[in-house]
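Trainee: build the 3D model from these lines:
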Amino acid sequence: MREAENGRIAHTNHYHTEHMRKIDISHNAYYKHSRKVVRALRGRRVRESSEARYSRIMQLLAQGGELELSDLISIARDHAGGEGADNTVCRHSEYFNTTWSIIFIPSEKVIKALVGYPCQQEYEEYRVG
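Mentor: Numbers count the residues shown, from 1 in each chain. All right, here's what the predicted structure looks like:
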């Protein structure tokens, strides 16, 4: 089970637990210089964007004490680095994009979810339990 960092958990596209890291793509894996790989990705580290987005999310989560739902939505919509940049939390790049976003609120047994870009969509609420 994954432990919270400073009372919070966030996720992008790489594993954090020792058990799951064993099956994850290597931290130092790069896209090959090959005709099979899109030119813009050749030579880039595979996990670069996932790690940059995770770092940005954790930086934003650490800025305050108690977080409101609006704070979490703002984090999901973050475009630090410029809208359209590959390493922004709300990702609009030429090859990879944010396809969905989920916010869990365990104390209220609520899940907020959307399909698409968080900056262009509204979250729908689902009650569980």
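Trainee: going by contacts, tell me the helices and strands next to the top helix by length along the chain.
Mentor: Secondary structure of the chain per DSSP state H: the longest helix is helix 48-61. Applying 3 or more CB pairs under 8 Å, 6 or more residues apart in numbering; DSSP states H and E, we find helix 48-61 packed against helix 69-76. For glycine as for every other residue, the C-beta is placed from the backbone atoms N, C-alpha and C.
Trainee: what does the helix it packs on contact?
Mentor: With contact meaning CB atoms under 8 Å, 6 or more residues apart in numbering, helix 69-76 is reached by I57, L60, L61, G64, V89, C90, S101, I103, I105, K112, P118, Y123.
Trainee: ok, the second one touching D78?
Mentor: Yes - using CB atoms under 8 Å, L60 makes contact with D78 at a distance of 6.5 Å.
Trainee: which neighbours do these two have in common?
Mentor: What both L60 and D78 touch, as defined by CB under 8 Å, 6+ apart, is the set V89.
Trainee: flag the shaky bits of the protein, pLDDT-wise.
Mentor: 84 (pLDDT under 70).
Trainee: which residue is most remote from the mean position of it?
Mentor: Distance from the C-alpha centroid of the chain, by CA atoms, centre = their mean, peaks at R35 (28.5 Å).
Trainee: can you tell me the SS state at that residue?
Mentor: coil (DSSP: H, G, I helix; E, B strand; the rest coil).
Trainee: any idea how far it is from S93?
Mentor: Separation of R35 from S93 (CB to CB, to the nearest Å) stands at 21 Å.
Trainee: cool, I111 as well?
Mentor: On the measure of CB to CB, I111 and S93 end up 26 Å apart.
Trainee: isn't I105 right up against E125?
Mentor: No - in this structure, I105 is not within contact of E125 by CB under 8 Å, at 9.3 Å.
Trainee: thought K32 was touching R42?
Mentor: Yes - proximity of K32 to R42 meets the contact threshold set by CB under 8 Å, at 6.9 Å.
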